[in-house]
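> here is a sequence together with a model predicted from it:
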Amino acid sequence: MSIIRLRNIHVSFGGPAILESISMSIDAGERLCLLGRNGTGKSTLLKVISGEVKHESGDLEYKQSLKLAVLDQEPRGNLQGSIFDVVAMGLGKNAKLLQDYHHALHNFTENHNEQTTAELERAQNQVDIHNAWQLNQQVEEVLSRMQLDGDMDYTSLSGGMKRRVLLAKALVIKPDILLLDEPTNHLDLSAIQWLEEQLLNYKGALMFITHDRSFMRRLSTRIIELDRGKLTSYPGDYDTYLRRKAEALHAEEVENAHFDKKLVQEEVWIRQGIKARRTRNEGRVRALEKMRSERSERRQQVGKVAMKVASADRSGKLVAEAEDVGFDYDGKPIIKGLTVTILRGDKIGIIGPNGAGKTTLLRLLLGDLKPTSGTITTGTKLEIAYFDQFRAQLDDDASVIDNLSQGREFVEINGNKKHVIGYLQDFLFAPERARSPVSMLSGGERNRLLLAKLFSKPSNILVLDEPTNDLDIETLELLEELVMEYKGTVLLVSHDREFVNNVVTSTLVFEGDAQVNEYVGGYDDWLRQAQGKQARGKQAQGKQGNDKAAVKSSAKNAVAEALSTGGKVSEAKKLSYKDQRELDALPAQIEKFESEVESLQVLMADAGFYKKDKQAIQNIQQQLVVAEESLSRCYVRWEELE
């Protein structure tokens, strides 16, 4: 059943049509992925559906009492307060009631006195008057499902956690449809996978814009494409869309070629002069005028980026070699014990959570940072092109041309000179756009400009730190091809799983506790190898556990005997005096460590344990690890001495 229906929607903002006679329907429970080149109007269409942008003509119909929520690319406004406050904002006018009640309850819990009691009673009365207890329960439910602590300060959260809070804010009203604009931008892999699981379990309809092909493949049940103002629906998955889109483009080319050939023939006929005028068919003349009009109104496909990289002389065979490298920041270890060799032609992917130290690792390998411990040897003849995820190399106040040319009229790519304007057109910058200041560019345009600037300089090492954000899929696939064909060495940091899979030969993965491990292949290869390693570890642990269990069983029996006889055991053979003293002391030590382990386990099993301070939790967990290891050593030593 359709919950939203669009009929002949038109939006132009006073210029060429952005949305031209758009018609579509959205059914309950379906997951639509909206595709299109940068600047084709995808975000505008979402805003029309949400009601933020008014359409100039056409009809937009909603199911009665439809609940609609939006998850934007970036947070709107200056969101502040606790996580509870931000999530409650999704409830609209009732948010203030719940926020006041939550604050009053928090203050009452922290400091129970007459003032906090009175504040709590007033807040409870307001919630009663407006019958908002069910809404408060909705906030608590979504906080629990999203594993969020409502009392934490929103502004202190990481980007990934903020996105989680914003999703909770969108879902708190239990919407019939959720609109998402580039939901995976700037999220790390774990956050993207968490978001996928949440959306797969969501029962309402989804409509989302994304350039993440793995995300799209997993979620979408239908793909709709916005191209030259027209909307086309492709039921099925992304691969089905690619096949049907190629077929549609081929049919369009054939039809246009046939039309253009006929138009040329008619133009020749109309210009035949006096002889043609004597037999001129006025109907044929009118048909020609109509054909001319149709041809002038034909909207051409948006051009494709034509990227080429200027190559430098080959670097030395060795690019970088790290031996037992460690790096600390403010006393905190970022990298420990890294040993890796990078050779000319390697394509290395770097994977890890946001804040793990991926950019730090890049700078270490390139020699920009000195390790705290260990050694790094960099190779010779290195010419580096560095794509910075923050685009710090672009001057916002200068024009696109000035950012690229820096006073040059021509750029030279592998011996071929090209005018700066022509080179920028290869990256889809029209001449008038090329004269605009960088501050006016979109995120995708900024990325294209930075790529154009980097690729105009000779290089034999290509360093790409999150290059895929804000790029449309066509440009992304062309960049993939370029990186795969690049003759030099590539160091790539990316959360785009398919991009990593397609271009790298090996990966360096941050796997917690400042450990960086190397794996052959891309993202999927890492997962398979890591799972295999984990399975082998469990197998070995199980065997070790069985061995330890046997040791413990034997040792415990002997310990019980020793305890029952005052700590003495029968000696199978004569021990040294020192060993005998150690053996006599072991029963008491084992009893002590068993008691300590049991006490710590009881403490950690308490329901309020994980509400403690983070450092206190970590200290107790570490105490348990130390106690268990000490107990295990005692059992093993007992077996040896016995």
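Alright, I've got the coordinates.
> for the rest of this, base every contact and every neighbour count on C-alpha atoms.
Will do.
> okay, residue 587 and residue 316: tell me how far apart.
63 Å (Cα to Cα, to the nearest Å).
> which one's more surrounded, the two?
residue 587 (24 against 15; other Cα atoms under 10 Å).
> in a helix, that's where the more buried one is, yeah?
Yes. Looking at residue 587 with DSSP: H, G, I helix; E, B strand; the rest coil, it is inside a helix.
> how close does it get to residue 639?
Relative to residue 639, and taking Cα to Cα, residue 587 is found at 12 Å.
> shaky segments in the stretch 301-450 of the chain?
Counting by pLDDT under 70, the stretch 301-450 of the chain contains low-confidence residues at 301-307, 390-391.
> 80 instead?
Scanning the stretch 301-450 of the chain for pLDDT under 80 picks out 301-312, 389-393, 406-407, 414-415, 442-444.
> residue ranges of the strands in it, please?
For the stretch 301-450 of the chain, the strands defined by DSSP state E, counting those that start in this stretch occupy 318-329, 332-343, 347-351, 373-378, 384-387, 410-413, 416-419.
> got JSON lines for these, with distance to residue 102 and mean neighbour count too?
JSON lines is the format used below for those (distance: least, Cα to Cα, whole Å; neighbours: other Cα atoms under 10 Å):
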{"stretch": "strand 318-329", "distance to residue 102": "38", "mean neighbour count": "18"}
{"stretch": "strand 332-343", "distance to residue 102": "36", "mean neighbour count": "18"}
{"stretch": "strand 347-351", "distance to residue 102": "39", "mean neighbour count": "26"}
{"stretch": "strand 373-378", "distance to residue 102": "49", "mean neighbour count": "18"}
{"stretch": "strand 384-387", "distance to residue 102": "45", "mean neighbour count": "20"}
{"stretch": "strand 410-413", "distance to residue 102": "62", "mean neighbour count": "17"}
{"stretch": "strand 416-419", "distance to residue 102": "63", "mean neighbour count": "12"}
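> dump those into a markdown table; add distance to residue 227 as well.
Output for the strands of the stretch 301-450 of the chain, formatted as a markdown table (distance: least, Cα to Cα, whole Å):
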| stretch | distance to residue 227 |
| --- | --- |
| strand 318-329 | 44 |
| strand 332-343 | 43 |
| strand 347-351 | 33 |
| strand 373-378 | 47 |
| strand 384-387 | 29 |
| strand 410-413 | 32 |
| strand 416-419 | 30 |
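> out of those strands, nearest to residue 635?
Closest of the strands of the stretch 301-450 of the chain to residue 635 is strand 332-343, at 31.3 Å (criterion: Cα to Cα).
> could you give the angle of that closest one to strand 318-329?
Put simply, strand 332-343 runs at 180 degrees to strand 318-329, going by axes from the mean of the first three to the mean of the last three Cα atoms, to 10 degrees.
> give me the contacts around strand 332-343.
317-328, 356-357, 361, 374, 489, 514-518 (Cα atoms under 8 Å, 6 or more residues apart in numbering).
> just want the angle from that strand to strand 373-378.
Using the same axes, to 10 degrees: strand 332-343 against strand 373-378 is 30 degrees.
> with just CA atoms, put strand 332-343 into CSV.
What follows is strand 332-343, C-alpha atoms only, in CSV (Å, rounded to 0.1, in the frame of the first residue of the first chain):
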residue,chain,number,x,y,z
LYS,A,332,48.8,7.1,25.5
PRO,A,333,50.0,4.3,23.1
ILE,A,334,48.6,4.8,19.6
ILE,A,335,50.7,2.1,17.9
LYS,A,336,52.7,-0.7,19.5
GLY,A,337,55.1,-3.2,18.0
LEU,A,338,54.4,-2.5,14.3
THR,A,339,56.7,-4.3,11.8
VAL,A,340,55.9,-4.0,8.1
THR,A,341,57.7,-3.6,4.8
ILE,A,342,56.1,-1.6,1.9
LEU,A,343,57.7,-2.1,-1.6
